[in-house]
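Trainee: here are the coordinates; sequence isn't available:
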């Protein structure tokens, strides 16, 4: 049907033949499958296009993205679609064969690997999940033809898909129990930077040594403050493990269940870490301090206690310095001071490690003071008071961590959102920006959604200026003689105007993504 619209009937008059030739020549200049913002187009990559977009070459040319060397035009797409239409309809039934599929979707739905897709026309689009920078999209009917060439029929394809699913189910059944699966490696987003990982793993190593030293000192001395510090270190170690689990889970690749990724996992696990600090760390330290007030216990060896606290202070100071350095680096990236980053930064890991290590260093000082005063005065109240004070500090930090991570769940990005709106409204193609929404979907990623009112006159001018389209349209209009000719002309014009509008939407998304890389998910709708 579509092919017949591009060709002229033999019975048509000469004016209709000229009109058909003009429409076909114009059709070859605009793609059916819209190029993404990362496809090299004539005109600047960022900012308003001063000349109409079109494909810029093929193969491995310096200005082209067509690695397979195909020329993706309206006519060539129609010819491929008509070629195997009957067999596709027979095998797969009626479907939206003009939609596009990524290489991953082609593998999941048609069991085609990348080598099976080699040579098919594709469009390169921006990949929001990191490296590789671009994702290839293929037209469905091209993928279906490749599937028939490989498998022979839809029945054989379904059998291969079922066999693959059965293998996957058997592989999952052999894996570890769900609790232990949290600690196994996950398929991470390529090119993703693990913010806070250095501080977390340094704290895990440091707290492991500190907990062992403090417990040994408590066994030798029987000091309540040392026991409180031992509990504190164990709680910190458990919290760092929880943060590491949250970091690992947040790096998982987005899927159908979590289309915007697993970035929120790190906030959830940081909240769990805060709750464990409050219950296990603060609660146990305060309880033991009160117990020592009711049943005092003498300190057996002051030098041992002070030596243990000194060694613990050195290790805690090292992990604190690592966390402080990491937070300074991230604060400079976010254009904030360290104090502002501590309270408003979207990173949950570095501030949590910094606060816990700060309390640990202060707690070592409090414990040393309590042990020293108890030894000098002989009054065990100072030792018990030190244990209670350490527990109180841990409780305050835990409440701060819980509240800080709670505020990030579903939070918008107001300042950067206003900057994005100003950038869009500064474009000559945009009249207004309405229904603006933004939300955090992870420590380093956010979603932006808006409805754009495009300038219709400028959009038409941009299409008509493409390859001298105004002259061609004028010739075509003069050749129109019947209502059927006018209908065909309107249909072609609608297709090409929609093509131009789609390219403009992709261009605006590319502008926002380039200027504000934290907005990894951008949804612009036509108002």
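Mentor: Cool, got the structure. Quick caveat, the model's predicted, so the values are computed rather than measured.
Trainee: avg pLDDT for the lengthiest strand in the chain?
Mentor: Identified as the longest strand of the chain according to DSSP state E is strand 430-442. Across strand 430-442, pLDDT averages out at 90.
Trainee: the strand or helix carrying residue 397: what's the following helix or strand?
Mentor: Element membership of residue 397 [criterion: DSSP states H and E] is helix 381-408. Tracing the chain past helix 381-408, the next element assigned as helix or strand by DSSP H and E is helix 414-425.
Trainee: angle of that following helix against strand 430-442?
Mentor: Angle between the axes of helix 414-425 and strand 430-442 is 150 degrees (criterion: axes from the mean of the first three to the mean of the last three C-alpha atoms, to 10 degrees).
Trainee: residues of helix 414-425 that come out buried?
Mentor: Neighbour counts over helix 414-425 (16 or more other C-beta atoms under 10 Å) mark 416, 417, 420, 421, 423, 424 as buried. For the C-beta atoms, the positions are set from N, CA and C on the backbone; glycine is no exception.
Trainee: what does stretch 391-410 give?
Mentor: For stretch 391-410, burial by neighbour count (16+ other C-beta under 10 Å) applies to 391-395, 397-398, 400-402, 404-405, 408.
Trainee: how far does it sit from the chain's center?
Mentor: On the basis of C-alpha atoms, centre = their mean, to the nearest Å, stretch 391-410 is displaced by 25 Å from the centre of the chain it belongs to.
Trainee: quote the end-to-end distance of stretch 218-232.
Mentor: 13 Å (C-alpha to C-alpha, to the nearest Å).
Trainee: adjust the sequence numbering to begin at 531 for everything that follows.
Mentor: OK, 531 is where the count begins now, so the last one is stretch 748-762.
Trainee: okay, buried residues for that stretch please.
Mentor: For stretch 748-762, by 16+ other C-beta under 10 Å, it's 748, 750-762.
Trainee: the longest strand of the chain pairs with which strands, parallel or anti?
Mentor: According to DSSP bridges, strand 960-972 forms sheet pairs with strand 975-984 (antiparallel).
Trainee: report the buried residues of stretch 771-790.
Mentor: 771-784, 790.
Trainee: follow-up on the earlier one: quick check: the farthest pair among the buried residues of stretch 748-762?
Mentor: Maximum pairwise distance in the buried residues of stretch 748-762, criterion C-beta to C-beta, is 18.0 Å, between 750 and 762.
Trainee: so residue 970 is in contact with residue 938, correct?
Mentor: Yes - contact criterion C-beta atoms under 8 Å: residue 970 and residue 938 qualify, at 5.9 Å.
Trainee: hmm, who's touching whatever helix or strand residue 814 lives in?
Mentor: Using DSSP H and E, residue 814 sits within helix 814-824. Here helix 814-824 makes contact (C-beta atoms under 8 Å, 6 or more residues apart in numbering) with 754, 757-758, 761-762, 765, 910-911, 913-918, 920-922, 924-925.
Trainee: burial count for residue 897?
Mentor: Residues contacting residue 897 under the criterion other C-beta atoms under 10 Å number 32.
Trainee: give me the angle between whatever helix or strand it lives in and helix 814-824.
Mentor: Using DSSP H and E, residue 897 falls within helix 879-907. With the same axes, to 10 degrees applied, the angle from helix 879-907 to helix 814-824 works out at 10 degrees.
Trainee: run through the stretch 731-880 of the chain and note the low-pLDDT ranges.
Mentor: Counting by pLDDT under 70, the stretch 731-880 of the chain contains low-confidence ranges at 754-755, 827-830.
Trainee: thinking again about what came up before, between the buried residues of stretch 771-790, which is closest to residue 889?
Mentor: Nearest to residue 889 among the buried residues of stretch 771-790 is residue 773, at 15.2 Å by C-beta to C-beta.
Trainee: could you give the angle of whichever helix or strand comes after the helix holding residue 814 to helix 911-938?
Mentor: Following helix 814-824 in sequence order, the next helix or strand is helix 832-863 (DSSP H and E). When the same axes, to 10 degrees is applied, the directions of helix 832-863 and helix 911-938 differ by 20 degrees.
Trainee: report the buried residues of stretch 742-749.
Mentor: For stretch 742-749, a neighbour-count test (16+ other C-beta under 10 Å) marks 743, 744, 745, 747, 748 as buried.
Trainee: quick one: which of these is nearest residue 832?
Mentor: Nearest to residue 832 out of the buried residues of stretch 742-749 is residue 747 (C-beta to C-beta; 11.1 Å).
Trainee: the closest one sits in which helix or strand?
Mentor: helix 727-751.
Trainee: which other helices and strands does that helix contact?
Mentor: helix 754-780, helix 832-863, helix 879-907 (3 or more C-beta pairs under 8 Å, 6 or more residues apart in numbering; DSSP states H and E).
Trainee: redo these as CSV? Include distance to residue 1042.
Mentor: Output for those, formatted as CSV (distance: least, C-beta to C-beta, whole Å):
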stretch, distance to residue 1042
helix 754-780, 24
helix 832-863, 19
helix 879-907, 27
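Trainee: out of these, indicate the one that is most buried.
Mentor: By mean neighbour count, with neighbours taken as mean count of other C-beta atoms under 10 Å, helix 754-780 ranks first of those at a mean of 26.
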